[in-house]
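K.L.:
Whatever this is, show me its structure:
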Amino acid sequence: MFTRENKVKRWLAEGANITPMWTQSGSPTIVEAAVYAGWQTILIDNEHGYTDLETTIHLIRAVEGAGGEVIVRVPWNDQVYLKRILDIGVQSLMIPMVNDRESAQEAVAACRYPPAGRRGYAAPMVRASGYGADSGYGARANAELLLIAQIEHVDAVEQIEEIAAVEGIDMLFIGPMDFAGSMGCFEGLTEPEVIAAIQNVEQRILGSGTMLGGFPLPGTATAKLLERGYRLVAGQADIWLFSRAAAQALENL
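P.N.:
All right, here's what the predicted structure looks like:
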């Protein structure tokens, strides 16, 4: 029997900051190489990336085999998808477009076994329990969850404190591009009103006592965000890294 601990959750509880690499390529080889290169945590993007559930399993195996940890961004706050992603062994989840307390409560309920939630039970048969090798999985699963709610719409701003107060929501993660779009400033991350609005959201999240995560805005280094109180900053993706490296290699020729 084995015991699976959510190391990302423990690292955050111990005061560490997390700077994962996004993967949108769906390539197990790329994420495996990234972990060996020093990326401790890989954020698998199932919202905008090219991965389905089966591909996600291969990505997780590649990351874990190399000694890394994963977070998965699901496509939507969907009870069925959340149940399935949990069953394949994911413990840290990012959920898009959580705009109010009710949405946050729905996410938590979908991810927790009863009586704390309504996650369907198939523990003895799923990858999360080692296909039954971990007989204690069901008893510990709720406690090992790390749930990250994305704040990426103006409708969420006045609800931040209520979202943060939902038991089971561990972090609020600002999605700046969609947030700007909801303000009528599509792709306008350098617009003064967008910068001011995001700074307001940052302060409200920090004031709520819930952990803050997000992307660096243009011209803002990851280190600066960490200084401002961010605990998770996801500023690099495998596609971007490869494209930049490929362009630089061609220029060097």
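
K.L.:
Give the residue spans of the protein that score low on pLDDT.
P.N.:
Along the chain, the parts satisfying pLDDT under 70 run over 1-3.

K.L.:
Could I get the full set of helices for it?
P.N.:
7-13, 28-36, 53-65, 79-87, 101-111, 137-140, 160-164, 176-182, 192-208, 222-227, 238-252 (DSSP state H).

K.L.:
Rebuild those as CSV, extending it with mean neighbour count and distance to Ala122.
P.N.:
(Each C-beta comes from the backbone N, C-alpha and C, glycine too.) Shown next, in CSV, are these (neighbours: other CB atoms under 10 Å; distance: least, CB to CB, whole Å):
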stretch, mean neighbour count, distance to Ala122
helix 7-13, 17, 23
helix 28-36, 18, 25
helix 53-65, 17, 14
helix 79-87, 18, 6
helix 101-111, 20, 14
helix 137-140, 16, 10
helix 160-164, 19, 29
helix 176-182, 19, 33
helix 192-208, 16, 35
helix 222-227, 15, 39
helix 238-252, 12, 32
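
K.L.:
Using TSV, lay out those helices together with distance to Leu93.
P.N.:
Shown next, in TSV, are the helices of the chain (distance: least, CB to CB, whole Å):
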stretch	distance to Leu93
helix 7-13	11
helix 28-36	17
helix 53-65	12
helix 79-87	7
helix 101-111	7
helix 137-140	16
helix 160-164	15
helix 176-182	18
helix 192-208	18
helix 222-227	21
helix 238-252	20
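
K.L.:
Met21: which of those is closest?
P.N.:
helix 28-36 (5.5 Å; CB to CB).

K.L.:
ok and that closest one relative to helix 53-65, angle-wise?
P.N.:
With axes from the mean of the first three to the mean of the last three CA atoms, to 10 degrees defining the directions, helix 28-36 sits at 30 degrees from helix 53-65.

K.L.:
contacting residues around Phe186?
P.N.:
Ala180 (CB atoms under 8 Å, 6 or more residues apart in numbering).

K.L.:
Export only the CA atoms of stretch 174-192, formatted as PDB.
P.N.:
The C-alpha trace of stretch 174-192 is given here as PDB (Å, rounded to 0.1, in the frame of the first residue of the first chain):
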ATOM      1  CA  ILE A 174      -6.300  36.200 -11.400                       C
ATOM      2  CA  GLY A 175      -6.700  35.600 -15.100                       C
ATOM      3  CA  PRO A 176      -5.800  39.100 -16.500                       C
ATOM      4  CA  MET A 177      -6.500  38.700 -20.200                       C
ATOM      5  CA  ASP A 178     -10.100  37.500 -19.800                       C
ATOM      6  CA  PHE A 179     -10.600  40.000 -16.900                       C
ATOM      7  CA  ALA A 180      -9.500  42.800 -19.300                       C
ATOM      8  CA  GLY A 181     -11.900  41.500 -21.900                       C
ATOM      9  CA  SER A 182     -14.800  41.600 -19.500                       C
ATOM     10  CA  MET A 183     -14.000  45.300 -18.900                       C
ATOM     11  CA  GLY A 184     -14.300  46.000 -22.600                       C
ATOM     12  CA  CYS A 185     -10.500  46.200 -23.000                       C
ATOM     13  CA  PHE A 186      -9.700  43.000 -25.000                       C
ATOM     14  CA  GLU A 187      -6.000  42.400 -25.000                       C
ATOM     15  CA  GLY A 188      -5.600  45.600 -23.200                       C
ATOM     16  CA  LEU A 189      -3.300  44.600 -20.300                       C
ATOM     17  CA  THR A 190      -1.300  47.800 -20.500                       C
ATOM     18  CA  GLU A 191      -4.400  50.000 -20.200                       C
ATOM     19  CA  PRO A 192      -4.300  52.100 -17.000                       C
END
